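A.B. asks: sequence and predicted structure are below.
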Amino acid sequence: MAAPTSSSGSTSSPATTEPTPSSVEPTDRAHVVAISVDGLAVEALLELGAKETPNLHRLLDEGASTLNARTAYEKNVTLPNHVGMVTGRRIDAVAGGHGVTWNGNPIDDTVQAAAGEKVASIFSVAHRHHLTTALFAGKTKFDIMRDSWPRSIDDFEVRKPQARLVADALAHLVSAQPNLTFLHLAGPDAAGHRDGGMSPAYLDAVRVVDRLVGLVIAAIESTPALDDTTTVILTADHGFAAGTRDHGALVAENYTIPFLVWGPDVAAGDLYESNPDRHDPGTGRPSYDGAQPIRNLDLADAAMRVLGLPAVPPDEGPPDLRW
């Protein structure tokens, strides 16, 4: 992850601008399924274990993974962290971030307006290289993705019951075989807000997500065109501290998240071991100064690396996350 770059300092709100197609073709027509499990607490994975969440643990065990990744430094809330996942940027616009500080659903707002400059994403970089994309999300606030990159998301669905959303995503994955699919699962977050983090209802929601992730794996493995070409990247926007109905507090249970990469070209192992320039933060909450932990915004780097694409601007050169 490159150090944050300085913003242009513009106070204007540029219209959404997307890159024209590039004449450069990616070297590998691979597929990525990026999964964000909203509010997935590391504590829940540890408590439920492989017996009750076998699919999530399969990905953790067979892939390159860590249970000690971090959210964005500024906030551990949903929309700012998801915009970070798809742009690879921190939040603070003054420091070169994407500028999406809110967590609601303002009408017609875009990432470009928040940042005060053009902002690229995994979707726009993929489209620039003639690849296809899809986004399936469980919250209407994800409309900002479509509004910000309208010509770069080929298939977009939002706010369906979670099981139906996954069914639609898998039907599209198997039939259209997009190069990049982003799937957002909102169940644990909804249960946490309603009944509290680590409550029986919250843990049931994590079990449901595990079954849905199992359907994703089964669809990939049963489709010959996807089986040997698809990499799954899974992370979360935040955790959910036990006994609370909000995750905004800057405590370890909220800012500690899982991050994993699983696929045919991924060797099992610890992501910190394969990325010695990254620093395992223990229980700390490191800023963007100094050695960095694995963060959920590394999803952008991981997706571009799998697809054989350059890093999402303003980073220069190839993605730097390794496995």
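C.D. replies: Alright, I've got the coordinates.
A.B. asks: distance of the most centrally placed residue in the chain relative to residue 267?
C.D. replies: Centroid-nearest residue in the chain: residue 85, 4.4 Å away (criterion: Cα atoms, centre = their mean). Distance from residue 85 to residue 267, counting by Cβ to Cβ, to the nearest Å: 23 Å. Glycine gets a C-beta too; all of them are placed from N, C-alpha and C.
A.B. asks: residue 43 is in contact with residue 239, isn't it?
C.D. replies: Yes - the pair residue 43 and residue 239 qualifies as a contact (Cβ atoms under 8 Å) at a distance of 7.2 Å.
A.B. asks: now the common contact residues for those two.
C.D. replies: Between them, residue 43 and residue 239 share these contacting residues under Cβ atoms under 8 Å, 6 or more residues apart in numbering: residue 253.
A.B. asks: dump the residue contacts of residue 282.
C.D. replies: Under the criterion of Cβ under 8 Å, 6+ apart, the neighbours of residue 282 are residue 68.
A.B. asks: top helix in this protein by residue count?
C.D. replies: Looking across the chain with DSSP state H, the single longest helix is helix 200-221.
A.B. asks: which stretches of the stretch 201-323 of the chain have low pLDDT?
C.D. replies: Residue ranges of the stretch 201-323 of the chain with pLDDT under 70: none are present.
A.B. asks: if we can go back for a sec, does anything pack onto the helix or strand just after the longest helix of the chain? Which helices or strands?
C.D. replies: Next helix or strand after helix 200-221 toward the C-terminus (DSSP states H and E): helix 224-227. Helix 224-227 sits against helix 200-221, with contacts defined as 3 or more Cβ pairs under 8 Å, 6 or more residues apart in numbering; DSSP states H and E.
A.B. asks: residues making contact with the helix it packs on?
C.D. replies: By Cβ under 8 Å, 6+ apart, the list of residues contacting helix 200-221 reads 33, 35, 37, 40-41, 44-45, 47-48, 52-56, 58-59, 162-163, 166, 169-170, 173-174, 183, 185, 187-188, 190-192, 194-196, 226-227, 230, 232, 234, 240.
A.B. asks: also stretch 74-82?
C.D. replies: So stretch 74-82 is contacted by 36, 38, 71-72, 90-92, 97-98, 100-104, 139, 141-142, 144, 184, 189, 237-239, 247-248, 250, 254-255, 296-297 (Cβ under 8 Å, 6+ apart).
A.B. asks: in helices, which of those residues appear?
C.D. replies: Counting by DSSP H, the contacts of stretch 74-82 place 144, 189, 254, 255 in helices.
A.B. asks: could you give the number of residues near the last one?
C.D. replies: Other residues within reach of residue 255 by the criterion other Cβ atoms under 10 Å amount to 26.
A.B. asks: swap in residue 158?
C.D. replies: Burial of residue 158 is recorded as 17 neighbouring residues (other Cβ under 10 Å).
A.B. asks: residue 34 contacts residue 233, doesn't it?
C.D. replies: Yes - Residue 34 lies in contact with residue 233 (Cβ under 8 Å); the separation is 4.7 Å.
A.B. asks: common neighbours of those two, please.
C.D. replies: Joint contacts of residue 34 and residue 233 (Cβ under 8 Å, 6+ apart) are 299, 303.
A.B. asks: between those two, which one's more packed in?
C.D. replies: Neighbours were counted for residue 34 and for residue 233 using other Cβ under 10 Å; residue 233 has more, 28 against 23.
A.B. asks: so how far is the strand or helix carrying that one from its chain's centroid?
C.D. replies: Assigned by DSSP H and E, residue 233 belongs to strand 230-235. Distance of strand 230-235 from its chain centroid, counting by Cα atoms, centre = their mean, to the nearest Å, is 9 Å.
A.B. asks: relative to helix 200-221, how tilted is it?
C.D. replies: Angle, strand 230-235 to helix 200-221, by axes from the mean of the first three to the mean of the last three Cα atoms, to 10 degrees: 160 degrees.
A.B. asks: who touches strand 230-235?
C.D. replies: 30-37, 56, 59, 63, 69, 85, 213, 216-217, 220, 257-266, 296, 299, 302-303, 306.
A.B. asks: just the buried ones from those residues?
C.D. replies: Buried members of these, counted by 16 or more other Cβ atoms under 10 Å: 30-37, 56, 59, 63, 69, 85, 213, 216-217, 220, 257-263, 266, 296, 299, 302-303, 306.
A.B. asks: out of the residues you listed, which are inside helices?
C.D. replies: 56, 59, 85, 213, 216, 217, 220, 299, 302, 303, 306.
A.B. asks: turn these into TSV, columns for distance to residue 123.
C.D. replies: Formatted as TSV, those follow (distance: Cβ to Cβ, whole Å):
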residue	distance to residue 123
56	26
59	23
85	11
213	22
216	19
217	24
220	21
299	12
302	15
303	10
306	15
